[in-house]
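Asks: coords please:
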Amino acid sequence: MRLGEVERLRGELSEFVGDVFASVPRRDQRRWGECYLRGLMLDGRRKSIQPMAERLPDGNMQALQQFVNQSPWDPLPVRRRIAQRLCETITPEVWVIDDVSFPKCGTASVGVARQYCGALGKRANCQVAVSVHAATDTASCPLDWQLYLPREWTDEPDRCRKAGVPQGTEHREKWRLALGLLDVLAEWGLKAPVVVADAGYGVSTPFRLALDARGLAYVLALTGKEVAHPEHAEPHRPDYGGLGPPTLPRYRTPPRALSQHAAQVTADMLAEVTWRQGSKGRMTSRFAVLTVRPAGKQSLAAAQEAGGGHYRWDGVLPAYTMLVEWPAGQDAPTGYWISNLPATTPIVELVRWAKMRWRIEHDYRELKHGLGLDHFEGRTWHGWHHHVTLVTAAQAFLTLRRLDPKAHTPA
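Replies: Now for the predicted structure:
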């Protein structure tokens, strides 16, 4: 947005900042928060503090640096109010869990390590963050964030201390961070309609079971390599002779990869589904719904634990809904999803939810290219979380304006 356009929005922006930054105690802090948001929305190739301060009529690099990097204001209440406002306005159909990477030079920035970098498509020096987004086909916005700390960081307390990482912060896998974010959002009084995530999360049996335990519905992508028994498979229970503990039931046939189950789909089982209107026309493909019983060591251990004891489990693995995409003209399926929703759920709904992850790519493009999500040059834990909170606030403000029929938001 040009400077004149941003200046014309200052009244509305001040009202928005007064609401979502109400938890920030000092008036001058809220003023610099509003200034930072204008800097993020203003046209400019770089959205780090120095160039933003130079572009803003009231910009002050030292004051903005202090507000973002040193000021002790808590970003969580700000994100809570943003999440509440966005969920009230857009009525999300799904919550999408994803992670995003930020290529970095050097080793001092908090959380930076050599790891897989999605932005580059390879292993590289970067930071990684996990996020939860509320989404519909027409609007979306991040609700909460958490920076991922590799073991290289948590195994070095002095390094964490220098970067301002809260004492006692431990290494947690990305799926555990995602569960933590969902728990925080639940504490804020928000509930996920349907949880959606890519195969990086879907392949984790503990993650899926944790969603089950929380009573959350989900549609999660898989790779097709995961193994399962067919729905009708039943374990065999050997006769108990009375000597020693009873023998546990066993499936007599080995589980098969989901891709093998899907290969048995016949033409009459496939339904053509259109899930949205794309820029090049309707997005349509063929899908089938199956019911399977996921196997593997993790699934077996979880089923035994859920059964209440090693010898009380009846041996039957729980059944889940499997969605398969098999486009016309393809020799094999191209997509797999697992869901704890019943197989009677309309296939159109399952497909729409599974495919709604595209909105997050839209979010990341706007957050990165338009609002400078990955332009932060600070190195500390608090600075990073302050910056992503401010970027989230800027996108939320623009999203609310786009959804307001009375407002005109410049392109």
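
Asks: all contacts plus neighbour counts: C-alpha atoms, from now on.
Replies: OK.

Asks: mind listing the strands for the stretch 51-200 of the chain?
Replies: 94-103, 113-117, 122-135, 140-147, 195-197 (DSSP state E, counting those that start in this stretch).

Asks: with respect to residue 389, which of those strands lies nearest?
Replies: When the strands of the stretch 51-200 of the chain are compared by Cα to Cα, strand 140-147 sits nearest residue 389, at 8.3 Å.

Asks: pLDDT-wise, which helix or strand of the chain ranks last?
Replies: One helix or strand of the chain scores below all others by mean pLDDT, DSSP states H and E: helix 297-306, with a mean of 62.

Asks: could you dump the strands of the stretch 51-200 of the chain to a markdown table with distance to residue 36?
Replies: Below are these laid out as a markdown table (distance: least, Cα to Cα, whole Å):
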| stretch | distance to residue 36 |
| --- | --- |
| strand 94-103 | 20 |
| strand 113-117 | 28 |
| strand 122-135 | 22 |
| strand 140-147 | 18 |
| strand 195-197 | 31 |
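
Asks: can I get these in JSON lines with distance to residue 281, mean neighbour count and mean pLDDT?
Replies: Shown next, in JSON lines, are these (distance: least, Cα to Cα, whole Å; neighbours: other Cα atoms under 10 Å; pLDDT from 0 to 100):
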{"stretch": "strand 94-103", "distance to residue 281": "23", "mean neighbour count": "23", "mean pLDDT": "95"}
{"stretch": "strand 113-117", "distance to residue 281": "32", "mean neighbour count": "18", "mean pLDDT": "95"}
{"stretch": "strand 122-135", "distance to residue 281": "21", "mean neighbour count": "21", "mean pLDDT": "96"}
{"stretch": "strand 140-147", "distance to residue 281": "21", "mean neighbour count": "24", "mean pLDDT": "95"}
{"stretch": "strand 195-197", "distance to residue 281": "24", "mean neighbour count": "25", "mean pLDDT": "98"}
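
Asks: quick check, central residue of the chain?
Replies: residue 97 (1.7 Å; Cα atoms, centre = their mean).

Asks: now that residue, nearest residue through space, not along the chain?
Replies: Using Cα to Cα, 6 or more residues apart in numbering and skipping residues adjacent in sequence, the residue nearest residue 97 is residue 132, 4.7 Å away.

Asks: now do the same contact list for that neighbour.
Replies: Shown in contact with residue 132 (Cα atoms under 8 Å, 6 or more residues apart in numbering): 95, 96, 97, 98, 142, 143, 144, 145, 178, 181, 182.

Asks: do the same with residue 51
Replies: So residue 51 contacts nothing (Cα under 8 Å, 6+ apart).

Asks: just checking, residue 326 touches residue 336?
Replies: No. Using Cα atoms under 8 Å, residue 326 makes no contact with residue 336, being 9.4 Å away.

Asks: next one, pLDDT for residue 45 please.
Replies: The per-residue pLDDT reported for residue 45 equals 88.

Asks: just the element for it, please.
Replies: If you go by DSSP states H and E, residue 45 is not part of any helix or strand.

Asks: what is the neighbour count of it?
Replies: By other Cα atoms under 10 Å, the residues close to residue 45 number 13.

Asks: for this protein, which spans come out with low pLDDT?
Replies: 238-249, 297-315, 405-411 (pLDDT under 70).

Asks: after the strand or helix carrying residue 348, heading C-terminal, what element do we hit next?
Replies: Applying DSSP H and E as the criterion places residue 348 in helix 347-355. Counting by DSSP H and E, the element after helix 347-355 in chain order, helix or strand, is helix 358-365.

Asks: any idea of the angle that following helix forms with strand 140-147?
Replies: Helix 358-365 runs at 70 degrees relative to strand 140-147, counting by axes from the mean of the first three to the mean of the last three Cα atoms, to 10 degrees.

Asks: from residue 268, how far off is the nearest residue to residue 338 once chain neighbours are set aside?
Replies: The shortest distance from residue 338 to any non-neighbouring residue, by Cα to Cα, 6+ apart, is to residue 322 (4.7 Å). To residue 268, residue 322 is 17 Å away according to Cα to Cα, to the nearest Å.

Asks: beta partners for the residue nearest to residue 97?
Replies: Residue 132 forms beta bridges with residue 97, residue 144, as assigned by DSSP bridges.

Asks: name the residues that touch the longest helix that the chain contains?
Replies: Across the chain, the helix with the greatest residue count (assigned by DSSP state H) is helix 381-403. Residues from elsewhere that reach helix 381-403 (Cα under 8 Å, 6+ apart): 13, 16, 33, 36-37, 40-41, 68-70, 72, 75, 78-79, 82, 86, 89, 110, 139-142, 145-147, 163-165, 366-367, 371-373, 376, 378, 407-409.
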